[in-house]
Structures are given as structure tokens and as C-alpha cells.
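>>> Curious how this folds, go ahead:
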Amino acid sequence: MGVFSEKILGNDNSLDVYEDYFELYNSGEKLEDISNIIYKKYMTTSADIIEDVDYLSALYKAKWETKSLKLEEIQKLKDLVLDPELLKLLVSFGASDKYISKRIKELNKFISKISIPKNEA
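Next up, the predicted model:
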């Protein structure tokens with residue numbers, strides 16, 4: 001586990017996903033194929049719910065920006081953010097109450113943002 005950051009793209013995990021997405025996107029890969037590549041590369045090796053949230057937040061940010069995010073994906077992220085396991089794991093990794101509060105607030109703000117299609121935001 002690296003440094004904690006409450007920001008959506010505030011750690012290496014999320015930055016790697018985001019950069020990989022746009023590298024594939026800019027090379028002309030199909031949107032559906034990009035998601036499959038990202039899921040295979042990151043989600044199958046994810047160590048825990050914290051990484052899941054990092055990976056999916058970055059992927060969904062990129063998908064939102066390319067207008068390819070689906071409603072069920074937003075719900076999947078909401079479910080992870082509300083999962084008590086996320087809080088328990090953050091505490092067990094030594095995250096402060098202040099960090100946890102900021103992170104959850106940032107994630108909820110992000111979910112609200114991506115719930116509105118980009119062309120309408």
C-alpha cells in the first residue's frame with residue numbers, strides 16, 4: 001500500500017489505470033475492449049476493496065470523460081464505497097479519521113459528478 005490520498009487520481013494505482021486507459025483510447029482501441037483490458041490487467045490482481053475503489057474510480061473517470069460510462073458501473077462503485085469492509089480496511093491500514101472522512105466525501109462527490117453524463121455536466 002502506498003501513500004494515502006483522498007483524491008480520485010491521487011495514487012499510483014489510479015494513475016496507472018487512467019494513463020493506460022487513455023493510451024489505449026488514443027491508439028484507437030475500441031471503448032469496450034479498453035474496459036476489458038483494464039479489468040483483466042488490474043481487477044484480477046486487486047488485493048482488496050481499497051484497490052478496487054482506486055482502480056474503478058480511475059476507470060470510471062476515464063469512461064465518463066469519453067462518454068462511455070454505464071449506470072450499472074456507477075452503482076458498482078457506490079456499493080463499494082458503502083461497503084463497511086472499505087472503512088474497516090482503511091482503519092486497519094492506519095488511515096486517520098480525518099483522511100477517511102475526506103476520502104469518503106471525495107468519493108461521494110465524484111459519484112455525484114459522474115452520475116450526470118459529461119455533455120450535461
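>>> switch to C-alpha atoms for all contacts and neighbour counts from now on
Fine.
>>> can you pull out the helices in this structure?
12-26, 31-42, 49-65, 71-82, 84-92, 97-114 (DSSP state H).
>>> Just name the most buried of those helices.
helix 49-65 (a mean of 21; mean count of other Cα atoms under 10 Å).
>>> Run a quick neighbour tally on the residue lying closest to Ser5 once chain neighbours are set aside.
Distances taken as Cα to Cα, 6 or more residues apart in numbering place Asn11 nearest to Ser5, at 6.3 Å, with adjacent residues excluded. If you count neighbours by other Cα atoms under 10 Å, Asn11 ends up with 16.
>>> And Asn11, how far from Glu72?
Using Cα to Cα, to the nearest Å, Asn11 is found at 25 Å from Glu72.
>>> wouldn't Tyr18 be in contact with Ala58 here?
Yes - applying Cα atoms under 8 Å, one finds Tyr18 in contact with Ala58, separated by 5.3 Å.
>>> shared neighbours of the two, anything?
Shared between the contact lists of Tyr18 and Ala58 (criterion: Cα atoms under 8 Å, 6 or more residues apart in numbering) are residues Leu9.
>>> follow-up on the earlier one: may I have the phi/psi pair for the residue nearest to Ser5?
phi -140, psi 170 (degrees, to the nearest 10).
>>> ditto for Ala47
According to degrees, to the nearest 10, Ala47 has phi -80, psi -30.
>>> How about the contacts made by it?
By Cα under 8 Å, 6+ apart, Ala47 has no neighbours at all.
>>> Tell me the spacing between it and Lys67.
Distance from Ala47 to Lys67, by Cα to Cα: 29 Å.
>>> In space, not sequence, find me the middle residue of the protein.
Among the residues of the chain, the one closest to the centroid is Ser57, at 1.3 Å (Cα atoms, centre = their mean).
>>> Of all the helices of the chain, which one comes closest to Glu6?
Nearest to Glu6 among the helices of the chain is helix 97-114; the distance by Cα to Cα comes to 4.2 Å.
>>> can you give me the mean pLDDT across the closest one?
In this model, helix 97-114 has an average pLDDT of 96.
>>> Also stretch 15-26?
The model assigns stretch 15-26 a mean pLDDT of 98.
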